[in-house]
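[1] Need a 3D model of the sequence below.
(one chain, ligands or ions: 2)
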Amino acid sequence: MTDAEVIIEYQDVHKGFGELVVLNGVNLEVLRGETLTIVGRSGIGKSVMLKTLTGLLPVDSGHIIVDGDDVTTLGEDELRRVRRKIGMLFQSAALFDSMTIFENVAYPLREHTDFDEAKQLEVVRETLAMVDLPGVEDQYPDELSGGMQKRVGLARAIVLRPPIILYDEPTTGLDPITANVISRLIKRLQKRLEVTSIVVTHDLEHAFMVTDRIAMLHGGKIISVMRVDEFRRSRDARVREFVTGGLTEEELQSVGRLFT
Ligand SMILES: Nc1ncnc2c1ncn2[C@@H]1O[C@H](COP(=O)(O)OP(=O)(O)OP(=O)(O)O)[C@@H](O)[C@H]1O
Ligand SMILES: [Mg+2]
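    Ligands and ions are numbered 1, 2, ... in the order given. Purely as a prediction, here's the structure:
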């Protein structure tokens, strides 16, 4: 990957809320076609990183370049053009409860294309089939399980076939089997759509399964970016603490942790 092109670049990004400093000089390069996972403790700013990338949250300073555009300087119209290239699976599935599954998944099509109803239905059906969820178009979100709702969220994220997909905690709150179904699905989509992805997760098993590189966010900065095999072997105390969940050797033995 040495010659790979940088498609996303965070340049010295700062973002706080009032007194609270969250991102304090984030630098990160994501290569075209790779899957990069951001890990870090709860509340450290992972979701904020994704939201600044889409322009949903303005930064305080610094720049974020997305496929040649600096999203921190764009107006709403230009941002829309960039957002069309980015599919986002939100941490909560964030479906509209009063809309059917069809309407939820078709939403980006209505925002960004002039497809008529028939064309929308065709694309939505095809996309729901891609996430192994055919035939639910007329149902409402609360009629579906959490895992199914995640898949609907995923379908909505990819309905425009974006070259960039952001996944915020795609497996959190799912049982291990459903989580693996989602992981496999993400891997399959990577191959099929040839996208660049950023995944945010606490779920290391999932991260190891879908990821090329892992970046660790700590204290407002990306403190390391490693390939998965390097991450697993890392002796860096902050990485080790994350991998072991802060457990002692004895505790690790008793719970039989996989990644030690
Ligand atoms: N819109 C907002 N207004 C005020 N504070 C916010 C806002 N969004 C995030 N924060 C704060 O920024 C910090 C980082 O939040 P963020 O959601 O990015 O954490 P996270 O790393 O995604 O955590 P988790 O793993 O629990 O999802 C938190 O302290 C949060 O309360
Ligand atoms: Mg989050």
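
[2] hey, let's count contacts and neighbours off CA atoms from now on
    Fine.

[3] Need the residue closest to the centroid of this structure.
    In the chain, the C-alpha nearest the mean C-alpha coordinate belongs to Tyr167, at 1.7 Å (Cα atoms, centre = their mean).

[4] does that one sit in a helix or strand, and which one?
    Secondary structure from DSSP states H and E places Tyr167 in strand 164-168.

[5] got the CA coordinates for that strand in PDB?
    In PDB, the C-alpha atoms belonging to strand 164-168 read as follows (Å, rounded to 0.1, in the frame of the first residue of the first chain):
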ATOM      1  CA  ILE A 164     -16.700   6.200   1.100                       C
ATOM      2  CA  ILE A 165     -18.600   4.500   4.000                       C
ATOM      3  CA  LEU A 166     -18.400   5.500   7.600                       C
ATOM      4  CA  TYR A 167     -19.600   2.900  10.200                       C
ATOM      5  CA  ASP A 168     -20.100   4.000  13.800                       C
END
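
[6] list the helices and strands that strand packs on?
    Applying 3 or more Cα pairs under 8 Å, 6 or more residues apart in numbering; DSSP states H and E, one finds that strand 164-168 contacts helix 46-53, strand 86-89, strand 196-200.

[7] can I get the ones you listed in TSV with distance to ligand 1, mean neighbour count and mean pLDDT?
    Below are the helices and strands packed on strand 164-168 laid out as TSV (distance: least, Cα to the nearest ligand atom, whole Å; neighbours: other Cα atoms under 10 Å; pLDDT from 0 to 100):
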stretch	distance to ligand 1	mean neighbour count	mean pLDDT
helix 46-53	4	21	96
strand 86-89	13	24	92
strand 196-200	8	24	94
